[in-house]
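Colleague: Test case, fold it:
(chains A, B, C and D)
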There are 4 protein chains.
Amino acid sequence: MSIKVGIVGATGYTGAELVRILSRHPEVELVSLITQNYADIPFWEVYPHLYKYNQMICEKLELTALLDASDVIFVALPHGHAMPIALDALRQGKKLIDLGADFRLNDYSVYEQWYKVEHTTRELLSKAVYGLPELNRKEIKGARLVANPGCYPTSVLLALAPLLNRKLIDPGSIIIDSKSGVSGAGRGLSLGTHFCEVNENFKAYNVGVHRHTPEIEQELSKLAGETVTVSFTPHLLPLTRGILSTIYAKLSKPVEQGEVLEYYQEYYLEEKFVRVLPGGLLPQTKWTAGTNHCDLGVALDSRTGRVIVVSAIDNMVKGASGQAVQNMNLICGLPEDTALNGPGLYP
Amino acid sequence: MSIKVGIVGATGYTGAELVRILSRHPEVELVSLITQNYADIPFWEVYPHLYKYNQMICEKLELTALLDASDVIFVALPHGHAMPIALDALRQGKKLIDLGADFRLNDYSVYEQWYKVEHTTRELLSKAVYGLPELNRKEIKGARLVANPGCYPTSVLLALAPLLNRKLIDPGSIIIDSKSGVSGAGRGLSLGTHFCEVNENFKAYNVGVHRHTPEIEQELSKLAGETVTVSFTPHLLPLTRGILSTIYAKLSKPVEQGEVLEYYQEYYLEEKFVRVLPGGLLPQTKWTAGTNHCDLGVALDSRTGRVIVVSAIDNMVKGASGQAVQNMNLICGLPEDTALNGPGLYP
Amino acid sequence: MSIKVGIVGATGYTGAELVRILSRHPEVELVSLITQNYADIPFWEVYPHLYKYNQMICEKLELTALLDASDVIFVALPHGHAMPIALDALRQGKKLIDLGADFRLNDYSVYEQWYKVEHTTRELLSKAVYGLPELNRKEIKGARLVANPGCYPTSVLLALAPLLNRKLIDPGSIIIDSKSGVSGAGRGLSLGTHFCEVNENFKAYNVGVHRHTPEIEQELSKLAGETVTVSFTPHLLPLTRGILSTIYAKLSKPVEQGEVLEYYQEYYLEEKFVRVLPGGLLPQTKWTAGTNHCDLGVALDSRTGRVIVVSAIDNMVKGASGQAVQNMNLICGLPEDTALNGPGLYP
Amino acid sequence: MSIKVGIVGATGYTGAELVRILSRHPEVELVSLITQNYADIPFWEVYPHLYKYNQMICEKLELTALLDASDVIFVALPHGHAMPIALDALRQGKKLIDLGADFRLNDYSVYEQWYKVEHTTRELLSKAVYGLPELNRKEIKGARLVANPGCYPTSVLLALAPLLNRKLIDPGSIIIDSKSGVSGAGRGLSLGTHFCEVNENFKAYNVGVHRHTPEIEQELSKLAGETVTVSFTPHLLPLTRGILSTIYAKLSKPVEQGEVLEYYQEYYLEEKFVRVLPGGLLPQTKWTAGTNHCDLGVALDSRTGRVIVVSAIDNMVKGASGQAVQNMNLICGLPEDTALNGPGLYP
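Modeller: Numbering: from 1, shown residues only, chains lettered A, B, ... in the order given. As a prediction, the model looks like this:
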């Protein structure tokens, strides 16, 4: 049995990462690589590192043909593009995983407020499942429409879930300082991704207004059982892959570092892709490069009564395409780590 | 009139940066470059970028000869080494600027607790002035012993002074998330500065226990007029020069972003080395590379009632050797920006 | 059937890369990780990216125990250290693959001249096979002692073999300009691998005297059927993984670019790890990152009558540990690409 | 007396570098910053590192107004754009320095063949002087139209001049392997300058067809007194500033390394911007960062009878804007190093 997979937006970075991961997947047959700019060109010409590995020709989007040929469709496009595709896909009984933001926010008005476009398929929102398997596995297994989480939210939600679950922190005190590599901005051209502007440089951006904020708050609120508002500040690192989030919160009762670490280890005991690091060891982005891991470290600051959680992921894998394949494995009844296991590259 | 200057620890990065800056200084004559490891070797062999610019030979420390030859001594060594030199220097009526930590903390017991060594010259602490000119200019002008601030504290104190001065924030709510380039770790060898371990990598380190914490708290407490405790988390950036600090605090009363920016511009109106960026523009480390600037940006997050201040410096210049020369200019009665003006290198 | 493998020098970069690759190998059981500096420490503490993947404890070298436990021994140490181990290994009927230089040069006096140490196991030189499978597969299959090629020689020999095989170039005209990432220098500490000295910097080093020169000349001479002397200049790139060699030679007779490319494609037709790129496309190091590929591109310069060959490898994989596993697969009768297939990581 | 200077193409990287250098120039008044894309915007908004240093507003090109206001015009634009400006400038008795290629090649047909555009001001070619001061100072002093050399040619010509001057090498044997940082490609957007495509990557490009080839050959031919044809291969380094050229040639007679070094030192004895490094020391790009130096190192390879010259420059300074200011100083009768002296930034 092989699953026929089509990728819309295959020539962006997350699309190419899907191709890389799925080329190792024993149960998947790639049937369609859809792109706007490279139609009729061999995929390896767009990504020569895949020369001799992928013989497919890029195609323009022909929705009917795509849906006929595919069992599962990945949409790896900016927000706004997945809505019409999802509508038809679900009508035809196909499964769709959206790596964009169209189905992440439960409330369409929040989507419209932050993303400044109309939500044209509101009726699908109730069918969409937020695809963070470690928090939402059961719902994902039965889903036909998966909203793959944003890269920053993935790094934040996995870091805070155990604390909120145990009610160990004051939800109003959460401050999230995140740092991302450049690949998160995609392959599109902009001055902000020009080598000379990023290299040997570091900056904060979109302070207080980044679109991942409502997504983080929505999911944290579910975990906390109350409305959570956070300060979230993203920064741009002069490296290609990796997100590290440093998260601060006020402890709601006195605990010891050892206890907290134990909570974390217990909470993620069965999880293959979350590594709670031993006390004293804090995550580094490179330890996750090329893997579907989220690494977590916890430090208690008794002087200030705060807990500091540090989480690291590869934004292209656990932060995007790897998690999307993890979701595909779940909705197709396959072992969750198929094509996703194995250690990363270091150094 | 020329000032005779000796540098102890001349072959470390901050020492070499002193040599670079002072080589442009019209009133300075370098008389002695002291080093432990490169005695009798031409300085340009240790730093070939100075070939044809510096003909001096490195020397072992001979304290008497050094003090005889120098009017001002810079000590660019790890903590613990400046104490005996300062004692003799002051006895002989010389001026000394310490780029290390020996005279930054007013209370010797705090020093001993955080630095794990005995303070052997406690009697000098009352004579030492904390050398952050923008906050402490008057005292510096009359000083003979200047404790040059740490790199992180410089980026933090300049960022928070206007807010504390106006009592706009709750001092107990301050969270400091700082990121530094690798040169801050010096030229000494360690796995943590090996190219392959840093490149394409990012990490937090010394969470909750970094030695700049008491220095930050001491000076913030003076500004606030009350004891301030902060959360301070340093991170290591895969770049050579630059510190960016992202600082969070709860507003103590409702204000608008425009007002706060105006406070900042007013507070630093006369300062040549602090640039308060216009609204909407946030600092980037590369904009300060090679300069003695501290760039500041302010964002108000009305959703959470917090203010977020972002500050950027070149850790080698305003964070160390540039500020040391600024202090020297002050104690010698020279224009404060001598050898320190001019725009930086970009890209 | 599983092959029991011991690694001597497991905590260096090439050792850790062996652990990474072999952890995916279905026929290998790692039995011993030998190290000088980290004995009794869990391997994942030395390389935390392997946390949860590797539970082994590092050990000091106990030669008898190591040989008893292992079928194949990899030695990933600087030159000089493999000789005594190889002697005992071969006596006990074990197989050994040396990633260092001890058995690469057929003539011990050339070894002693370039490496400045005595060759203490000259009697083994006739048994050692130079482990470049694409040129030497048959001999490797029957070998018990494999000298794994140097990183630079691998990139050079695969690039020039087709030209020398067809006698298309003047062997006296070969000029090799190679550029390597920093991981080739290993994990040991030196000023030359300090981040701040390498980052944003580029240099040539060991011009005319690099120890890979005699190795390159020895193997080129075999290919040419005459003594070949080359100019070889290595450079240090500010990146972690990758070697790119740009090689110049005078054409010995008029040919067209298309013909030469065809020769290359034909020559490497059956090779899984050599990719001859189509005309107009030249290799980039990142296209090989994390893979066992050698990518080749060829350009004819009709104005000067020269051919320019560009080759790229990942110095840690095809340039070291990947090729070593390829050799192990050959001497153990396994499919040559076991644990070595799959595309690399990009970007 | 102050020279009124206008810059056409001020918002590109070489334009901004002119602004930076000229802002330190005591005899220059910047009167006009011309740009196509940022008209009416403050220059510091385009380059915020100059905030508080430059208050000028960018302007669209109005040729008459520009020429009326300026004594000297720098054109920092791609080839093809300087021709019409130069025509009018010279008619009005102004001086013009072109950082592009329009006036570098003496023979318009060679220009048209390599640059694929018509040369519309052939009559100016005889008036244009090739602006490499170390080789051409006398002619530059009397010139009104200076063709500022290309970055690669600067690094190559200074490296080879002493050898050709002494007829020490066979001109037909010259092979030039050059490596450049990304800033040489300018601030324009392209996939080739996207951070993720350059970072941790290295490649050759334009092999055998780079447009600097005829420029190099023209000037080498003048030095050699005969027609010289070279192999020239440029590569792209993952860094911002710096060019390093490794140049190979066959010695035409037996000489010793010491002799050759002496020739170099003698040849460049009076030059402030060429540093011939002592024997055993080879240039590194970072040693020239931010300076107008060209550093040279020479190695003789007696095994092959070749000489290997390594040269390093900052492509933005000696390779472009610094050399342009050096030329301006010459044509305006100022000390040649005005605004160009002082050591660079390291690390």
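
Colleague: Report the separation between A:Leu334 and chain D.
Modeller: From A:Leu334 over to chain D the distance is 30 Å, taken as CB to the nearest CB, to the nearest Å. For every residue, glycine as well, the C-beta is placed using N, CA and C.

Colleague: gap between whichever residue of the stretch 1-150 of chain A sits closest to chain C and chain D?
Modeller: Ranked by CB to the nearest CB, the top residue of the stretch 1-150 of chain A for proximity to chain C is A:His49, at 4.0 Å. Plainly put, A:His49 is 10 Å away from chain D if you go by CB to the nearest CB.

Colleague: I'd guessed that residue sits against C:Tyr346; true?
Modeller: Yes - taking contacts as CB atoms under 8 Å, A:His49 lies within contact range of C:Tyr346: 4.2 Å.

Colleague: how many neighbours does the residue of the stretch 1-150 of chain A closest to chain C have?
Modeller: Neighbour count for A:His49, taken as other CB atoms under 10 Å in any protein chain shown: 24.

Colleague: same thing with the one 10 residues further on?
Modeller: The burial count assigned to A:Glu59 is 19, neighbours taken as other CB under 10 Å.

Colleague: Would you mind listing the residues in contact with it?
Modeller: For A:Glu59, the contacting residues are A:Ser32, A:Leu33, A:Ile34, A:Thr35, A:Ala39, A:Asp40, by CB atoms under 8 Å, 6 or more residues apart in numbering or on different chains.

Colleague: hey, what's in contact with both of A:His49 and C:Tyr346?
Modeller: In contact with both A:His49 and C:Tyr346: C:Lys286, C:Trp287, C:Ala289, using CB under 8 Å, 6+ apart.

Colleague: Of those residues, which are in range of chain D?
Modeller: C:Lys286, C:Ala289 (CB under 8 Å from any CB of the partner chain).

Colleague: could you dump the shared contacts of A:His49 and C:Tyr346 to TSV with distance to D:Val110, secondary structure and neighbour count?
Modeller: What follows is the shared contacts of A:His49 and C:Tyr346, written out as TSV (distance: CB to CB, whole Å; DSSP: H, G, I helix; E, B strand; the rest coil; neighbours: other CB atoms under 10 Å in any protein chain shown):
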residue	distance to D:Val110	secondary structure	neighbour count
C:Lys286	35	helix	28
C:Trp287	35	helix	25
C:Ala289	40	coil	27
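
Colleague: okay, the shared contacts of A:His49 and C:Tyr346 in TSV with distance to chain B and pLDDT next?
Modeller: Shown next, in TSV, are the shared contacts of A:His49 and C:Tyr346 (distance: CB to the nearest CB, whole Å; pLDDT from 0 to 100):
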residue	distance to chain B	pLDDT
C:Lys286	12	98
C:Trp287	17	98
C:Ala289	11	98
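
Colleague: which of the contacts of A:Glu59 lies closest to D:Glu266?
Modeller: A:Thr35 (60.5 Å; CB to CB).

Colleague: The closest one reaches A:Met56, doesn't it?
Modeller: No - the pair A:Thr35 and A:Met56 fails to qualify as a contact (CB under 8 Å) at a distance of 10.8 Å.

Colleague: Settle it for me: which of the two has more neighbours?
Modeller: Neighbours per residue (other CB under 10 Å) separate A:Thr35 from A:Met56, with A:Thr35 holding more: 21 against 16.

Colleague: rewinding a little: and what about the residue of the stretch 1-150 of chain A closest to chain C, helix, strand or coil?
Modeller: With DSSP: H, G, I helix; E, B strand; the rest coil as the basis, A:His49 sits in helix.

Colleague: Pull the contacting residues for it.
Modeller: Applying CB under 8 Å, 6+ apart, we find A:His49 in contact with C:Lys286, C:Trp287, C:Thr288, C:Ala289, C:Pro343, C:Gly344, C:Tyr346.
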